[in-house]
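[1] Pasting the sequence and the predicted coordinates here, then a few questions.
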Amino acid sequence: MMNIASELPATSTQAGTQFGKIMLVGIGPGSVEHMTQRARDAIAESDVVIGYVTYIKLVADLIEGKEIIRKSMTEELDRAISALDAARAGKKVALISSGDAGVYGMAGPTYEVLFQAGWTPDDPVQIEIVPGASALNSCAALVGAPLTHDFCAISLSDLLTPWPTIARRLDAAALADFVVALYNPKSGRRTRQIVEAQRLFLRHRAADTPVAIVKSAYRRRENIVFTTLDRMADADIGMLSTVLIGNSNTFVRHGVMVTPRGYANKYDLEEGGAAREGERAGRSLSTGLLGWLDGLRQDHAEGASIETLAARHRLPADYIRATLDDTSEAPLAAVEDEA
């Protein structure tokens, strides 16, 4: 991290010095109705409100009469420094982020600045993180239930992250069949990143994989588009968009995007939800870990090579080898499941 110590207010524990508090407030998608009560209270009790100019506009009705510090998109460290400066002066600061402060928000940069300044949890300046609904939560709620199974979030912004790192994450997530939420997918200057993401996903996913693109969720210019992976990059996408790419089981029906949790693998939904043959309610799937291990060992005993098994299950050969070499058994409790 760059040396910013010269710009930071010095730590002081002098008797009689009044210290304030930094509240890292996630304001959710932007509408007051979707902001938590604690977020509203934190803003109300603050002396100073700091944030990106667009976020300040979103809470304009809540900050009348307060000291306002507006910063541009690329001034995250400046926001954190200003917050610490104000807190050292005894003020309560609401440092706001859209969505959740800990998800591509101001919590991380603020802690980096704090640690650079010598802050510890025993410091008189208090820190509170107020969670909020991130963009992936807000966008998912508008399109259905796309995140019901395993998912991950990847930012396409290469302002601070090397592109090869982003590309490896995209490729790994696509191969692993995660539902993926793409943050910062495109801007006026960054137009090719979404095309490269599409290219990487098409290596592992079907062209007709469902994709939802949500712009300005719960804000005045909200817009929702359903498309497919092969047409994704042709859609109207910008910095205010979040792109949700489904997995191999995701479907869209009646304008609703759904990723099944997997109940149909264990239960016959057409027969009143009875467990399928070979399955037991409250126990791992027959193809869960222990069932898979039994099958793996049997196939290997019948002559299947480690390389063949690795290709069949799309897993690393060294993992297959280590698994076959491990003769330990998991306790029964480990295979119990809520589903």
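    Nice, thanks for sending it over. Values in this document were obtained by computation on a predicted structure and should not be read as measured data.
[2] from here on, contacts and neighbour counts on C-alpha atoms
    Fine.
[3] what residue ranges in this protein score low on pLDDT?
    The chain contains residues with pLDDT under 70 at 1-17, 329-339.
[4] residue ranges of the helices in it, please?
    37-45, 53-58, 76-88, 107-116, 135-143, 163-175, 193-202, 263-266, 289-301, 306-313, 317-325 (DSSP state H).
[5] Kindly reformat these as JSON lines containing mean neighbour count and distance to A235.
    What follows is those, written out as JSON lines (neighbours: other Cα atoms under 10 Å; distance: least, Cα to Cα, whole Å):
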{"stretch": "helix 37-45", "mean neighbour count": "17", "distance to A235": "34"}
{"stretch": "helix 53-58", "mean neighbour count": "16", "distance to A235": "24"}
{"stretch": "helix 76-88", "mean neighbour count": "22", "distance to A235": "29"}
{"stretch": "helix 107-116", "mean neighbour count": "18", "distance to A235": "32"}
{"stretch": "helix 135-143", "mean neighbour count": "21", "distance to A235": "16"}
{"stretch": "helix 163-175", "mean neighbour count": "17", "distance to A235": "19"}
{"stretch": "helix 193-202", "mean neighbour count": "19", "distance to A235": "10"}
{"stretch": "helix 263-266", "mean neighbour count": "15", "distance to A235": "33"}
{"stretch": "helix 289-301", "mean neighbour count": "14", "distance to A235": "40"}
{"stretch": "helix 306-313", "mean neighbour count": "14", "distance to A235": "35"}
{"stretch": "helix 317-325", "mean neighbour count": "14", "distance to A235": "40"}
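[6] And those: which comes nearest C152?
    Among the helices of the chain, the nearest to C152 by Cα to Cα is helix 163-175 (7.6 Å).
[7] The closest one vs helix 193-202, what angle?
    Interaxial angle of helix 163-175 relative to helix 193-202 (axes from the mean of the first three to the mean of the last three Cα atoms, to 10 degrees): 40 degrees.
[8] So which elements touch helix 163-175?
    strand 151-155, helix 193-202 (3 or more Cα pairs under 8 Å, 6 or more residues apart in numbering; DSSP states H and E).
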